[in-house]
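Colleague: sharing a sequence plus its predicted fold:
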Amino acid sequence: MIEEILPAGVQVVEAFTDAPGLTLFPEEEAVIARAVEKRRREFTTTRCCARSALAGLGLPAVPILPGLRGAPIWPPGVVGSMTHCLGYRAAAVARATQVTAIGLDAEPNEPLPEGVLPVIADEGEQAWVARLTAQRPQFSWDRILFSAKESVYKAWFPLTSRWLDFTEARLTLDPDQGTFAADLLVPGPTTAEGRELTGFEGRWLVGRDLVMTAITVPRG
């Protein structure tokens with residue numbers, strides 16, 4: 001489903017259940033040796049999705065370990081992103097010669113817990129969330145905003161190795177086109193080609209009681 005909001009050239013694999021019999025590399029097993037069963041299932045299935053996506057690029061299966069702040073460490077020459085929530089896991093990868101960064105996020109299509117929205121959104125963002133909630137209550141617009149900001153962070157962090165607060169990117173969203181734009185309120189990263197990113201553009205999708213967002217930064 002999430003492939004609908006990703007461009008050609010990005011390999012994506014998703015799962016809606018945790019299939020039995022999935023295995024990890026020993027290095028990955030060591031990461032979750034003390035994890036609860038829920039964490040083990042989501043970690044395992046998401047990494048199996050990632051290896052299937054890498055196979056789509058013609059690459060061998062390798063351990064995918066968490067690095068700084070938990071960001072996945074991809075093989076050389078690969079960029080990617082992973083996400084998981086209740087009932088969903090996904091991973092997307094691409095060649096670094098074609099794509100600079102990917103950010104994926106999936107969330108349940110339900111309102112954020114009370115008190116979260118004012119922490120992650122400025123007054124302008126809260127205003128359009130309220131307006132769209134009144135117009136189209138079948139979508140959890142606050143959750144779409146949250147997910148989009150998560151995708152921004154996942155695209156940002158591999159390029160900078162720096163934290164980005166929810167309030168350091170201001171989002172606008174097109175409810176008809178299924179797109180969003182994020183303007184960075186702090187200096188953006190400089191890509192390998194020497195261009196400074198001042199923001200990100202992405203797409204969003206709601207289906208199967210899930211909210212999904214994706215950002216792909218093309219090379220060049």
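Modeller: Ah, there it is.
Colleague: so where do the helices sit in the chain?
Modeller: In the chain, the helices defined using DSSP state H lie at 26-31, 37-56, 117-120, 123-135, 141-160.
Colleague: could I get those as CSV with distance to Phe200, mean neighbour count and mean pLDDT?
Modeller: For the C-beta atoms, the positions are set from N, CA and C on the backbone; glycine is no exception. Shown next, in CSV, are the helices of the chain (distance: least, CB to CB, whole Å; neighbours: other CB atoms under 10 Å; pLDDT from 0 to 100):
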stretch, distance to Phe200, mean neighbour count, mean pLDDT
helix 26-31, 29, 13, 95
helix 37-56, 21, 19, 96
helix 117-120, 16, 14, 96
helix 123-135, 15, 14, 96
helix 141-160, 5, 24, 97
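Colleague: for Gly77, find the nearest of the ones you listed.
Modeller: helix 37-56 (11.0 Å; CB to CB).
Colleague: sorry, back to before: in TSV, list the helices of the chain along with distance to Ile2.
Modeller: Below are the helices of the chain laid out as TSV (distance: least, CB to CB, whole Å):
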stretch	distance to Ile2
helix 26-31	23
helix 37-56	11
helix 117-120	22
helix 123-135	22
helix 141-160	11
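Colleague: out of these, nearest to Pro20?
Modeller: Closest of the helices of the chain to Pro20 is helix 37-56, at 10.1 Å (criterion: CB to CB).
Colleague: does anything pack onto the closest one? Which helices or strands?
Modeller: Packing partners of helix 37-56 (3 or more CB pairs under 8 Å, 6 or more residues apart in numbering; DSSP states H and E): strand 11-15, helix 26-31, strand 78-85, strand 88-95.
Colleague: out of these, deepest packed?
Modeller: strand 88-95 (a mean of 26; mean count of other CB atoms under 10 Å).
Colleague: elements contacting that one?
Modeller: Using 3+ CB pairs under 8 Å, 6+ apart, strand 88-95 sits against strand 11-15, helix 37-56, strand 78-85, strand 99-108, strand 210-218.
Colleague: what's the angle from that strand to strand 210-218?
Modeller: If you take axes from the mean of the first three to the mean of the last three CA atoms, to 10 degrees, strand 88-95 sits at 10 degrees to strand 210-218.
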